[in-house]
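Trainee: A predicted structure for the sequence below; I have some questions about it.
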Amino acid sequence: MRISTQSFFQQNVAGMAQQQQRLFRVNQQVAANTRLINASDDPVAASRALGVSETIARSDQFKTSRDRASLALANEDSTLGSVINLMQNVRSLTIAAGSGTLSDADRNSMATTIQSNLDQLVGLANTGDGNGQYMFGGHRSGSEPFVQQADGSFDYIGDQGQRLMQVDTSRQMASSDDGRSVFMSVQGGTGYVASSGGGNTGTAVFSAISTVDATAADYGSDFSISFSGGNYTVSTRTTPPVAVGTGVYQDGKPIAFGGLQIKVSGTPADGDSIDVSTAKNGGTNVFSAISDLVAALRKPVSTGGPTAQAQLLNALSTANVKITNAHDNVSTVRSSVGSRMAEIDSLNDAGASRVLLDKGYLSQLQDLDLATALSEVSERKTALTATQQTFAALQNIALFNYVR
């Protein structure tokens, strides 16, 4: 079969172009250090590599979220640690204030110290998170969550929302806690709080309340113990009140009712009363509890006689229980923060292992075997050179070269 000069020329040019294209492709792979320059190089591997790359990118985003959540929780943990230290200091001062050897001046000095602790506590409750937001404000974190009113009380103006962060594929985690849950709540199952009536004029002093039967019919209710004519009456604080116990008052003898027991000593005056409330209903605002404690310590006792002394001891007992309940609540919240931080560490470890496996699989899909690629480059260069030299030699063949 006769091959035309034009056909011969085109075939050889096409061959050299093909060799150049193959060499160029290998050079691209070496330069990019990947064997997948185009999806057409290996459609299946390219599709899988894209999926794995997206998985790694999502893992990186989750890692960033975990880092941010960890920082926020670390700041909260530090703040709650300072809060607990302040509460422990106030509790110690409360116990010390009950000493009968202290003078009014001594108690006034203690009140000044406790007031300073209260101011610091409010400052911690209004701590910023470093991003222009307030740590314990919930979703309403743009302004201070705790505001002092004209009467000296503190109100919470935040909400009970928690800022959630997506820290893993199926895990959202709260990176904050609202101020009401931290500073104005008690844990479930916390015991009762006793407090004396504001108009008491006798010398009755109550002790801590103990639970003797949590299955009693009226357990969990709020009660009031009233004294009259040497007798006592225990009633529920409902409308209308229901009497649940009566008896002759005896100094130092425990009074039992509703599955509870309280010891009262001293001499109550007619009309005196003692309120016994669940911790939830007895006042959970730690700022108010400390403010009441300061007011009780500033009130002179030396001029008030036994009645003033009884009022002070009862106020200290009530404050001690409330502050203890608040301290336990903050400790529980801090434990929750610690648990979340530990979970983030576990998620980071699991995420790092997962990313390592994904990157290993991605490497198998797209990484270039450099030794093989360089060998192919050399092979392609040799083939191209041979093709070019052959074409040049054949190009010079003509009949006239052989005519003499």
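Mentor: Nice, I can see it.
Trainee: For the nearest residue to residue 249 once chain neighbours are set aside, grab the count of nearby residues.
Mentor: Excluding its sequence neighbours, the residue lying closest to residue 249 (CB to CB, 6 or more residues apart in numbering) is residue 232, at 4.8 Å. Glycine gets a C-beta too; all of them are placed from N, C-alpha and C. For residue 232, the count of nearby residues is 23 (other CB atoms under 10 Å).
Trainee: try residue 252
Mentor: 9.
Trainee: what about it, is that helix, strand or coil?
Mentor: coil (DSSP: H, G, I helix; E, B strand; the rest coil).
Trainee: In space, what's closest to it - neighbours in sequence excluded?
Mentor: Nearest to residue 252 is residue 265, by CB to CB, 6+ apart, at 4.8 Å.
Trainee: what bridges to the one you found?
Mentor: On the basis of DSSP bridges, residue 265 takes part in beta bridges with residue 205.
Trainee: OK, contacts around it?
Mentor: By CB atoms under 8 Å, 6 or more residues apart in numbering, the contact set of residue 265 is 204-205, 207, 251-252.
Trainee: Retrieve the pLDDT associated with it.
Mentor: Predicted confidence (pLDDT) at residue 265: the value is 96.
Trainee: didn't residue 195 look like it was pressed against residue 273?
Mentor: No - using CB atoms under 8 Å, residue 195 is not in contact with residue 273, being 9.7 Å away.
Trainee: residues of stretch 51-58 that come out buried?
Mentor: 52, 55-56 (16 or more other CB atoms under 10 Å).
Trainee: same question but for stretch 78-98, I mixed them up
Mentor: Of the residues in stretch 78-98, 79-80, 83-84, 86-87, 90-91, 93-94, 97 count as buried by neighbour count, 16+ other CB under 10 Å.
Trainee: Please apply the same query to stretch 343-361.
Mentor: Buried residues in stretch 343-361 (16+ other CB under 10 Å): 343-344, 347-348, 351, 354-355, 358.
Trainee: Could I have the CA atoms of that stretch written out in PDB?
Mentor: Only the C-alpha atoms of stretch 343-361 are listed here, as PDB (Å, rounded to 0.1, in the frame of the first residue of the first chain):
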ATOM      1  CA  GLU A 343     -15.500  15.500  76.700                       C
ATOM      2  CA  ILE A 344     -13.800  18.100  74.300                       C
ATOM      3  CA  ASP A 345     -10.400  16.500  75.000                       C
ATOM      4  CA  SER A 346     -11.900  13.100  74.200                       C
ATOM      5  CA  LEU A 347     -13.500  14.500  71.000                       C
ATOM      6  CA  ASN A 348     -10.200  16.100  70.000                       C
ATOM      7  CA  ASP A 349      -8.400  12.700  70.500                       C
ATOM      8  CA  ALA A 350     -11.000  10.900  68.400                       C
ATOM      9  CA  GLY A 351     -11.100  13.600  65.800                       C
ATOM     10  CA  ALA A 352      -7.300  13.600  65.400                       C
ATOM     11  CA  SER A 353      -7.300   9.800  64.900                       C
ATOM     12  CA  ARG A 354     -10.100  10.100  62.400                       C
ATOM     13  CA  VAL A 355      -8.300  12.900  60.500                       C
ATOM     14  CA  LEU A 356      -5.100  10.900  60.500                       C
ATOM     15  CA  LEU A 357      -6.900   7.900  58.900                       C
ATOM     16  CA  ASP A 358      -8.700  10.100  56.400                       C
ATOM     17  CA  LYS A 359      -5.400  11.800  55.400                       C
ATOM     18  CA  GLY A 360      -3.800   8.300  55.000                       C
ATOM     19  CA  TYR A 361      -6.600   7.200  52.700                       C
END
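Trainee: between the contacts of residue 265, which has the most around it?
Mentor: Neighbour-wise, the contacts of residue 265 (other CB under 10 Å) top out at residue 204, 24 neighbours.
Trainee: and it, what pLDDT?
Mentor: Looking at residue 204, the pLDDT reads 96.
Trainee: Strands along the stretch 51-200 of the chain, start to end?
Mentor: Using DSSP state E, counting those that start in this stretch, the strands found in the stretch 51-200 of the chain span residues 146-148, 154-156, 164-168, 171-174, 192-196.
Trainee: Having no further points to raise, I will conclude here.
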